[in-house]
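Asks: structure, please.
(one chain, ligands or ions: 1)
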Amino acid sequence: MTQLEEALGTPFDVGPQVPAPKPLVIVISGPSGVGKDSVIKRLQEVRKEIHFVVTATSRQKRPGEVHGVDYYFVSKEEFEEMIDKNELLEHALVYGDYKGIPKKQVRDCLAKGKDVVLRVDVQGAATVRSILGSNAVFIYIVAESEFALVKRLIERKTESMEKLVVRVATARDELKRLEEFDYAVVNSDGQLERSVNAICGIIDAEKSRVIQKLASI
Ligand SMILES: Nc1ncnc2c1ncn2[C@@H]1O[C@H](COP(=O)(O)OP(=O)(O)OP(=O)(O)O)[C@@H](O)[C@H]1O
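Replies: All right, here's what the predicted structure looks like:
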């Protein structure tokens, strides 16, 4: 070794050969009922180092959901105050309820070098895309078929017939925007683990890019 170093004229560099990866913003989207929450819940278990942004919403809490963990459940008035103060990266009124991404959480994580996952509906993903452009990774979760998506929504038993019609019609429209995303992950029935593995693969690949995506808000 020493002989080699002498021949080269300089000692071997023991530092890393590529810079440490930069923090990534990963946007997970897809139609209602496709399994975004389920996928994210499992991803949280396998990727503990990632920060999952807690979305603020004015919708009613579903059984088992925890304030500050699943969502920040706020009143309509409180949500409107957040909009007025420009505290949200994106927000939307979806099916009569507000949902939005608090800017501060994203900023704080990126400043600490932490990867951030955002969960947004398809409409919200378009807004985030207009702000972050190609500097975030956009993943669209899709069911294996429309039939499978509807079955999942019905089995969840959280929607009335009226709301189901709106959700399925919206899902049809949303699928037309698939091309605005970087990746599509099929969340097939009973294959949650496979979907999560696919997302982990995407994240790892993005972090291995020679020229990485760099988001700043
Ligand atoms: N791979 C899967 N196989 C079978 N069932 C699944 C799978 N993924 C999710 N589900 C079920 O489908 C239903 C909808 O999933 P989830 O609530 O995660 O969807 P979502 O996209 O977050 O919906 P929304 O946007 O309406 O909140 C749930 O009952 C969930 O348990």
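Asks: got the contact list for residue 142?
Replies: In this structure, residue 142 makes contact with 30-31, 34, 175, 178, 184-187, judged by Cβ atoms under 8 Å, 6 or more residues apart in numbering. From N, CA and C alone the C-beta is placed, and that goes for glycine too.
Asks: buried ones from the residues you listed, can you make that a PyMOL selection?
Replies: Provided next is the PyMOL selection string for whichever of these are buried by 16 or more other Cβ atoms under 10 Å:
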select buried, resi 30+31+34+175+185+186+187
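Asks: and the ligand, which of the contacts of residue 142 reach it?
Replies: 30, 34, 187 (Cβ under 6 Å from any ligand atom).
Asks: with secondary structure, pLDDT and distance to residue 77 added, can I get those residues in TSV?
Replies: Putting these into TSV (DSSP: H, G, I helix; E, B strand; the rest coil; pLDDT from 0 to 100; distance: Cβ to Cβ, whole Å) gives the following:
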residue	secondary structure	pLDDT	distance to residue 77
30	coil	96	30
34	coil	93	31
187	coil	97	35
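Asks: nearest to residue 85 among these?
Replies: Sorting these by distance to residue 85 puts residue 30 at the head of the list, at 29.2 Å, by Cβ to Cβ.
Asks: right, and that closest one touches residue 38 too?
Replies: No - using Cβ atoms under 8 Å, residue 30 is not in contact with residue 38, being 11.1 Å away.
Asks: what residues are shared contacts of those two?
Replies: With Cβ under 8 Å, 6+ apart, residue 30 and residue 38 have common neighbours residue 187.
Asks: and the residue of the chain nearest the ligand?
Replies: Closest to the ligand within the chain is residue 35: 2.9 Å, counting by Cβ to the nearest ligand atom.
Asks: quick one, strands of the chain?
Replies: 25-29, 51-52, 55-57, 71-73, 88-94, 97-102, 116-119, 137-142, 183-186 (DSSP state E).
Asks: distance to residue 159 and mean pLDDT for those strands - can I get that in CSV?
Replies: Listed next are the strands of the chain as CSV, based on distance: least, Cβ to Cβ, whole Å; pLDDT from 0 to 100:
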stretch, distance to residue 159, mean pLDDT
strand 25-29, 19, 97
strand 51-52, 24, 94
strand 55-57, 16, 93
strand 71-73, 17, 92
strand 88-94, 13, 90
strand 97-102, 13, 92
strand 116-119, 18, 95
strand 137-142, 18, 97
strand 183-186, 22, 98
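Asks: out of these, flag the one nearest residue 215.
Replies: Across the strands of the chain, closest to residue 215 is strand 25-29 (Cβ to Cβ), at 4.2 Å.
Asks: and the closest one, does that touch the ligand?
Replies: No - residues of strand 25-29 are not located near the ligand by Cβ under 6 Å from any ligand atom, the shortest gap being 9.1 Å.
Asks: ok and that strand relative to strand 88-94, angle-wise?
Replies: 0 degrees (axes from the mean of the first three to the mean of the last three Cα atoms, to 10 degrees).
Asks: what packs against strand 25-29?
Replies: helix 36-46, strand 116-119, helix 122-132, strand 137-142, helix 192-207 (3 or more Cβ pairs under 8 Å, 6 or more residues apart in numbering; DSSP states H and E).
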